[in-house]
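**Q** coords below, sequence missing:
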C-alpha cells in the first residue's frame, strides 16, 4: 500500500477568497442601486396619481379659432399658398384635438382618427384632405377654414 501514502486530499481555499467574492457581490448590488436611484425622475414616487390639469376649453377654442382665421387670411392675402393653408388648417385641427383630449392626433393618420372614438375630428380632417393632397385645382381655403371653425366651435 505504498500508493496510499502519496495521496493528498484537495487543498482548501483560504477564507479570504470567500469574503472577496461576497464583497464583489455587495459592490455590484450597490452599483445597481446607485444607478437606479440616480436616474429616477424626480416625483416619480407618487405612482402617477397626480390629477391631470384641467383644460380651459373656451380659451382653447378661442385660440384655435384665431389661428384658423390667421391661416385663412394669410392664404387670402397670398402670403401662404392654398396647399400650405390647407395643411396648416389640418395641423391646427389635429393640435386642437390633442390639446382638448390628450389624444396624439397630430401623429395619427386619417384611418387612425377614424378608428378612434372622435368622429367629428376624423370627418373634419377628412374633409380637408383633398386640399392637402389632391392635384390642382384645390378646393377653396375658405371652405376648409369654415369646416375647421365648425368642428372647433361645436367641440364639447
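**A** Now that the structure is in, tell me what you want to look at. These numbers were taken from a predicted model, which means no experiment stands behind them. Numbers count the residues shown, from 1 in each chain.
**Q** Can you name the helix or strand that residue 31 falls in?
**A** According to DSSP states H and E, residue 31 maps onto helix 15-39.
**Q** Now do that helix, average pLDDT.
**A** Model confidence over helix 15-39, given as mean pLDDT, is 94.
**Q** what's it packed up against?
**A** Using 3 or more CB pairs under 8 Å, 6 or more residues apart in numbering; DSSP states H and E, no helix or strand is in contact with helix 15-39. To be clear about C-beta, it is placed using only N, CA and C from the backbone, and glycine gets the same treatment.
**Q** Use 456 as the first number from now on
**A** Got it, the first residue is 456 from now on, which makes the last one we talked about helix 470-494.
**Q** Listing request: residues of this structure with sub-threshold pLDDT.
**A** Scanning the chain with the threshold set as pLDDT under 70 gives 456-459, 498-509.
**Q** quick one, helices of it?
**A** 457-460, 470-494, 512-532, 537-556, 565-570, 574-588, 596-608 (DSSP state H).
**Q** Can you lay out these as JSON lines showing mean neighbour count?
**A** Output for the helices of the chain, formatted as JSON lines (neighbours: other CB atoms under 10 Å):
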{"stretch": "helix 457-460", "mean neighbour count": "6"}
{"stretch": "helix 470-494", "mean neighbour count": "9"}
{"stretch": "helix 512-532", "mean neighbour count": "16"}
{"stretch": "helix 537-556", "mean neighbour count": "21"}
{"stretch": "helix 565-570", "mean neighbour count": "14"}
{"stretch": "helix 574-588", "mean neighbour count": "18"}
{"stretch": "helix 596-608", "mean neighbour count": "20"}
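**Q** Done for today, thanks.
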